[in-house]
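Enquirer: have a look at this prediction, sequence included:
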Amino acid sequence: MSASAQSAIGLLELGLRAVVLEDAVYTNSAREHERGLTRMSSAGVERSHCKGLLFEWLHYVDRALEDFPQLKALGTPPWRL
């Protein structure tokens, strides 16, 4: 978790948005996991989870197809909301 926390906080320091996916980062104990998540939250890193991020991205599928017509060559996305 320490490397994840350092990377996420480093992104914030560069002026970028940072989001940690709680169920996609790992450490050797639940206590350390929560400690790392708390450290990132305290620094301003947003917390989310993989399923939430997926649903957030899916809302952008139609917009991406409008902005990048060449994506239509890939076929119709089966996962539109």
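Expert: Yep, it's here. Numbering: from 1, shown residues only.
Enquirer: which residues touch residue 39?
Expert: By C-beta atoms under 8 Å, 6 or more residues apart in numbering, the contact set of residue 39 is 5, 9. Any C-beta I mention is one placed from the backbone N, CA and C, and that applies to glycine too.
Enquirer: how about a cut-off of 7 Å?
Expert: Applying C-beta atoms under 7 Å, 6 or more residues apart in numbering, we find residue 39 in contact with residue 5.
Enquirer: buried sites along the helix or strand in which it is found?
Expert: Using DSSP states H and E, residue 39 maps to helix 30-43. By neighbour count on 16 or more other C-beta atoms under 10 Å, the buried set for helix 30-43 is 36, 37, 39, 40.
Enquirer: wait, which of those residues is closest to residue 24?
Expert: Nearest to residue 24 among these: residue 37, at 11.6 Å, using C-beta to C-beta.
Enquirer: for the closest one, give me the pLDDT.
Expert: With respect to pLDDT, residue 37 scores 94.
Enquirer: out of the buried residues of helix 30-43, the closest to residue 9 would be?
Expert: Among the buried residues of helix 30-43, residue 40 lies closest to residue 9 (C-beta to C-beta), at 6.7 Å.
Enquirer: before we move on, back to that, next structured bit after the helix holding residue 39?
Expert: Where DSSP H and E defines the elements, the next helix or strand beyond helix 30-43 is strand 46-48.
Enquirer: quick one, phi psi at the residue sitting furthest away from the middle of the chain?
Expert: For the chain, the largest distance from the centre (C-alpha atoms, centre = their mean) belongs to residue 73, which lies 26.8 Å off. Main-chain dihedrals, residue 73, degrees, to the nearest 10: phi -70, psi -20.
Enquirer: also residue 60?
Expert: phi -100, psi 0.
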